[in-house]
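**Student:** Model the structure of this input:
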Amino acid sequence: MSTRIVAMGAAAAIAATVTISGGQQLDLEIPYGVGQNIAPVYEGWERNPDGSFTMAFGYMNRNYDERPEIPVGANNFFSPDPADRGQPTHFYPRRQQFMFKVRVPADFGKQQLVWTLTRGGKTEKAIGKLDLEWEISQNVISQNRRGLANDAAKAPPNNPPTISVAGPAKMTATAGTPLTLTVNASDDGVPKPTPAPQRGAAGAGRGTPPLVPIRQSSPVQQQIVQPSREGLAVTWTQWRGPGRLTFAPARMVVKDGQASTSVTFSEPGTYVIRAFADDGVVFEPADVTVTVNAPGGSTGRP
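**Tutor:** Coordinates of the predicted model:
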């Protein structure tokens, strides 16, 4: 099996050359907050017990701040059909890895599964294929995410966490009014939590950093689903939808088998919220679809 490390990101900025005193030239990269395109990324494939395969995808949003919404259609589609294979339409800044998976049959063979994204007149594609060098494992995923299972020889067997919506998977809400969402989540306890030492304790500052809250307004936020080091944790994300969502909290350690958040919608529309349960190595999703009405009852959108 390959232990290839997946590339951490595509080209992230615009190159420029400046001349300084003495005629010396320096190559610089200019980060852009808005206006740039998004590159889909094929992360690799995994074998399933039934003989089928699962292809993993992520993306590189070249903006440091902007979170574009690209609906499924001519600018966001898979080929061959179906064009909608559960991909995101709301894109967080920078490099987001292993964000969703697509199952293909055991006889997929040499076929290709292509995810195409177009923004600002620029089209980019991620080509999924079952070449041997693209096979990945939990350890490869963890290494790329800077998780807790970085040594395939020493890492104990780990079952992925489970997660399900506690309540209906389709809900309604009103823009500007908080909605409570809850998921059930469980794990096998592997890997063991490794919290940072208490302040003032011997060796403080050398331990593994604790769970860090997501700063949703941060223009340089990288991984939205950060590997948990304090046990099973749930991160809430906007998967699809036209406005902005505010989660309180956006991330929390599971307590008594559940995690909850309060989400507020900036505007009417149809949203998909994806909750990820993360055990510090890999993560699994559960979705809630919310139809958001304007105050007074209208969704304000077709």
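
**Student:** which residue packs closest to the most centrally placed residue in the chain, ignoring adjacent ones?
**Tutor:** Nearest to the geometric centre of the chain sits residue 99, at 3.9 Å (CA atoms, centre = their mean). Using CB to CB, 6 or more residues apart in numbering and skipping the chain neighbours, the partner closest in space to residue 99 is residue 58 (4.8 Å). Using the backbone N, CA and C atoms, a C-beta is placed for each residue, glycine as well.

**Student:** can you confirm the one you found is in a strand?
**Tutor:** Yes. Assigned with DSSP: H, G, I helix; E, B strand; the rest coil, residue 58 falls within a strand.

**Student:** just to revisit the earlier point, local confidence estimate at the residue nearest to the centre of the chain?
**Tutor:** With respect to pLDDT, residue 99 scores 97.

**Student:** now the strands: where do they sit in the stretch 51-200 of the chain?
**Tutor:** In the stretch 51-200 of the chain, the segments counted as strands under DSSP state E, counting those that start in this stretch are 53-61, 76-79, 94-104, 113-119, 122-128, 162-165, 170-174, 179-186.

**Student:** hey, which of those strands is tucked in deepest?
**Tutor:** Mean neighbours per residue, mean count of other CB atoms under 10 Å, is largest over the strands of the stretch 51-200 of the chain for strand 53-61, with a mean of 22.

**Student:** related to what we said a few turns ago, identify the bridge partners of the residue nearest to residue 99.
**Tutor:** In this entry, residue 58 is beta-bridged to residue 41, by DSSP bridges.

**Student:** Could you do residue 170 as well?
**Tutor:** Counting by DSSP bridges, residue 170 is bridged to residue 289.

**Student:** so who does it touch?
**Tutor:** Residue 170 makes contact with 288-291, according to CB atoms under 8 Å, 6 or more residues apart in numbering.

**Student:** Can you add neighbour count, pLDDT and distance to residue 249 and give those residues back as CSV?
**Tutor:** Listed next are the contacts of residue 170 as CSV, based on neighbours: other CB atoms under 10 Å; pLDDT from 0 to 100; distance: CB to CB, whole Å:
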residue, neighbour count, pLDDT, distance to residue 249
288, 22, 98, 16
289, 17, 98, 21
290, 20, 98, 18
291, 14, 97, 24
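
**Student:** Please consider this matter closed, and thank you.
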